[in-house]
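Engineer: any chance you could fold what I've pasted below:
(chains A and B)
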Amino acid sequence: MNFFLIGVNHNSAPVEVRERLAIPEDRLGEANRRLLAYPGVEEAMVLSTCNRVELLAHCMNGSTDLRGFLGQYFALEPADFDKYLYEYREREVVRHVFRVASSLDSMVVGEPQILGQIKEAFALARAAGAAGGRLDALLTRAFAVAKRVRSETAIGSSAVSVASVAVELAQKIFGSLSGQKVFLVGAGKMSELAARHLLAHGAGSIFVVNRTPERAQQLADKFHGATFPYQELYDHVDQADIVITSTGAPHAIFRREHGERFMSRRKNRPMFFIDIAVPRDVDPEMNKVDGVFLYDIDDLQQVVSSHVAGRRREAERAQAIVDGEVERFAARAQTLSVVPTIVSLQEQLELVRQAEIDRVRGRLGALTPEQEMAVEAMTRGIVNKVLHTPITTLKSAAREPEATSVIELIRHLFNLDDPGKKGSGE
Amino acid sequence: MSLLWLRVALIFYGVGLAYALLALSRRGDWLARIVVPCIGLGFAFHLVSLVEDAAGAGHLLGSVHRAESLLAFLILAVFLLFYSGYRTLAPGMFVFPMVFVLGLTAAIGQDPPQFSSPLLRSGWIILHVALVFAGYGALFFSFAASVIYILQEHSLKAKRSLGILERLPALDTMDKLGYRSLVLGFPFMTLGLIAGAVIAQARFGPAYFHDPKIVLSLLMWVVYVVLLYSRWHAGWRGRRAAYLVSVIFVVAVGAWAANYFSSVHSFIAQ
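Structural biologist: Just a heads-up that it's a prediction; the model follows:
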């Protein structure tokens, strides 16, 4: 459990600092190896994404100076970056790694990319020979915790941007978006973003209508879409399943009667209007037409904020899961730490028992098989009785913070660290 | 023995009921993974039960309970048919409880009202009942899809998050399910009613036409035709279609209930 971690993230450091400390992908292998070679470091892993840079290390004994490594690696003065760093040790590291993997520490809580990024970073560290059994245990558990959080809470299940909410709503109306026609009326940045999202989710084709035809053509080219003159808007727009409006028109360009006409031409196949223009391009009355669904920018924003609030609630539940998992991980690590001591304690006393039996055998003379068994049983009984208290003490100490001192005491009392004797220490 | 198999089937249907109750909460997620295999097993046992009924008693319609069991089976058959195509469990929120309740009354009934009328032994009647029940099954499924459609449509129009209703499936899917199951049910319902009319004509002469059950059944059939025609011809879909399906369903329930007022259609020994 001798873990160390330092890093910067979107909360602790401004982007100028993060980009100064970012390590490009092609240099990560080398960074891992250099961290591994740094004094005190036994295992290492480097994580570098656009929102965070973190160094994770496991030490044999004592500690390591990760700040020193960072200064050396980037040739920086400690004063330049010290105040942006966070630093964790032991159990804190476990907690932090679990939180990051579960996307609780992300800028957009619940976003799914971070888990993949950590998995990649870990694979790189392994390939570089920097990560071993300790980090493997920690990261494997972190991936399992992230999976638990994802399946037991709704933290990542709702859309939290205007564009992704638009996609989500479109999917609720049309089911699959494949083959759906999207019309962009007006060629703003926002509508471009929404169209990109819709296309990424399978929307079929994009048409762009704009007052300035050049701009329309420009945007249509980006999506391999088509364009037609603004004057023909009302003749064609009923072909669209999804209409995104963002014109600068001072009045509504689509009114209720338009909607009714579209619906009868479409044989009532539903239409989804996304109005991100201010002032609005679509008359709110349009929403009353059967089969037409209208969301303006406020409606979308409201969905976003209710989802964000939902995620915050879910994040609290996720935090409880993480806390429980940290406890379990720490308890397990400590239990594992007493196992070698128990084993060498048993081996030690078994050696003593065998030696004593061998010593008195000559004096006892020939024994019947029954007597042989009685001697065997008696000596074993004595050893087990003697060992009972130290072993139970060790086991119960494993759950306490002072496990290390109990282990040391018992190793000392029974002379377990004698050179030449088998035994491994923490 | 047939009752035993039905009870075994009912245990599996209980999983479906639990799913229906929890479907909209996250706690239902693990149930969603096991509910289809369970329902499928229940369906198989149910089939065994029905086959034994038919083989043992010589006919499927010995009592009210056997009729209920048959109806539950047919509703579930429609569900499984559409599940195989669309992979949506949502109509199960209505279908599973209905199947469970019908199955339960059929399975626990100790002393069921026997259909004493010898008329029910005739092949024509069995054909009539089986066809109309298949039509009812499809109609109930369509109704379930329509209710889900209406809830989801309302939530989208109102732009309010309806809490757990957020997890309802897409409008388009429910629209298709509702329509296709109606189309599926139509030939069954029509042939079943024709078979019924032939029997009644032969037995009662023209007088049967004044019977409330017959009148309601015909009314239901007419609305059914109107809905299918308007959808096919004028593209009537979505909310209006969903409401109309609900109307058909209510009339159908009325026609079902009219058994108690019908002279032509009362087969329970007094």
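Engineer: can you give me the strands for the stretch 251-400 of chain A?
Structural biologist: Using DSSP state E, counting those that start in this stretch, the strands of the stretch 251-400 of chain A run over residues A:271-275, A:292-296.
Engineer: would you mind giving these as a markdown table with distance to residue B:105 added?
Structural biologist: Any C-beta I mention is one placed from the backbone N, CA and C, and that applies to glycine too. Below are the strands of the stretch 251-400 of chain A laid out as a markdown table (distance: least, Cβ to Cβ, whole Å):
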| stretch | distance to residue B:105 |
| --- | --- |
| strand A:271-275 | 44 |
| strand A:292-296 | 41 |
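Engineer: just so I know, which of those lies nearest chain B?
Structural biologist: strand A:292-296 (5.5 Å; Cβ to the nearest Cβ).
Engineer: and the strands of the stretch 251-400 of chain A, which is most packed in?
Structural biologist: Of all those, strand A:271-275 carries the top mean neighbour count, a mean of 26, counting by mean count of other Cβ atoms under 10 Å in any protein chain shown.
Engineer: paired strands for it, with orientation please.
Structural biologist: strand A:242-245 (parallel), strand A:292-296 (parallel) (DSSP bridges).
Engineer: is it possible to get TSV of those that adds mean pLDDT?
Structural biologist: As requested, the strands paired with strand A:271-275 are arranged in TSV below (pLDDT from 0 to 100):
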stretch	mean pLDDT
strand A:242-245	94
strand A:292-296	93
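Engineer: turn the ones you listed into JSON lines, columns for distance to residue B:141.
Structural biologist: Converted to JSON lines, the strands paired with strand A:271-275 look like this (distance: least, Cβ to Cβ, whole Å):
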{"stretch": "strand A:242-245", "distance to residue B:141": "30"}
{"stretch": "strand A:292-296", "distance to residue B:141": "26"}
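Engineer: separation between the residue in the stretch 51-200 of chain B positioned nearest to chain A and residue A:389?
Structural biologist: Of the stretch 51-200 of chain B, the residue with the smallest distance to chain A, taken as Cβ to the nearest Cβ, is residue B:170 at 3.6 Å. Distance, residue B:170 to residue A:389, using Cβ to Cβ, to the nearest Å: 67 Å.
Engineer: more crowded one of the two?
Structural biologist: residue B:170 (19 against 9; other Cβ atoms under 10 Å in any protein chain shown).
Engineer: excluding chain neighbours, what is closest to that one?
Structural biologist: Using Cβ to Cβ, 6 or more residues apart in numbering or on different chains and skipping the chain neighbours, the partner closest in space to residue B:170 is residue A:175 (3.6 Å).
Engineer: show me the contacts for the one you found.
Structural biologist: Residue A:175 is in contact with B:169-173, counting by Cβ atoms under 8 Å, 6 or more residues apart in numbering or on different chains.
Engineer: for the stretch 101-250 of chain B, what spans make up the helices?
Structural biologist: With DSSP state H, counting those that start in this stretch as the criterion, the stretch 101-250 of chain B has helices at B:123-158, B:171-204, B:212-234, B:238-257.
Engineer: specify the angle between the second one and helix B:123-158 in degrees.
Structural biologist: Here the directions of helix B:171-204 and helix B:123-158 differ by 150 degrees (axes from the mean of the first three to the mean of the last three Cα atoms, to 10 degrees).
Engineer: what's the most buried one of the helices of the stretch 101-250 of chain B?
Structural biologist: Most buried of the helices of the stretch 101-250 of chain B, by mean neighbour count (mean count of other Cβ under 10 Å): helix B:123-158, with a mean of 21.
Engineer: one step back: how about the strands of the stretch 251-400 of chain A, which one is nearest residue A:121?
Structural biologist: Closest to residue A:121 of the strands of the stretch 251-400 of chain A is strand A:271-275 (Cβ to Cβ; 37.6 Å).
Engineer: and the helices of the stretch 101-250 of chain B as a markdown table, adding mean pLDDT?
Structural biologist: Compiled in a markdown table, the helices of the stretch 101-250 of chain B are given as follows (pLDDT from 0 to 100):
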| stretch | mean pLDDT |
| --- | --- |
| helix B:123-158 | 89 |
| helix B:171-204 | 88 |
| helix B:212-234 | 85 |
| helix B:238-257 | 85 |
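Engineer: excluding its backbone neighbours, what's nearest residue 14?
Structural biologist: You didn't say which chain, so I picked chain A. Nearest non-adjacent residue to residue A:14, counting by Cβ to Cβ, 6+ apart: residue A:84, 7.9 Å away.
Engineer: you looked at the wrong chain, it should be chain B
Structural biologist: Using Cβ to Cβ, 6+ apart, the nearest residue to residue B:14 is residue B:100, at 6.7 Å.
Engineer: next one: residue A:382
Structural biologist: Leaving aside its chain neighbours, residue A:382 sits nearest to residue A:353 (7.9 Å; criterion: Cβ to Cβ, 6+ apart).
Engineer: okay, now the domains of the chain?
Structural biologist: Defaulting to chain A. A:3-152, A:162-305, A:336-413 (automatic domain parsing).
Engineer: you looked at the wrong chain, it should be chain B
Structural biologist: According to automatic domain parsing, the domains of chain B span B:1-113, B:115-270.
Engineer: on that earlier part again, contact partners for the residue nearest to residue A:382?
Structural biologist: Residue A:353 makes contact with A:379-380, A:382-383 under the criterion Cβ under 8 Å, 6+ apart.
Engineer: all strands for the stretch 51-200 of chain A, in order.
Structural biologist: Assigned by DSSP E, counting those that start in this stretch, the strands in the stretch 51-200 of chain A fall at A:52-59, A:86-89, A:181-185.
Engineer: parallel or antiparallel, list what pairs with the second one.
Structural biologist: Listed by DSSP bridges, the sheet partners of strand A:86-89 and their directions read strand A:3-9 (antiparallel).
Engineer: OK, now which residue of chain B is nearest to chain A?
Structural biologist: Taking Cβ to the nearest Cβ, chain A has its nearest neighbour within chain B at residue B:235, 2.7 Å off.
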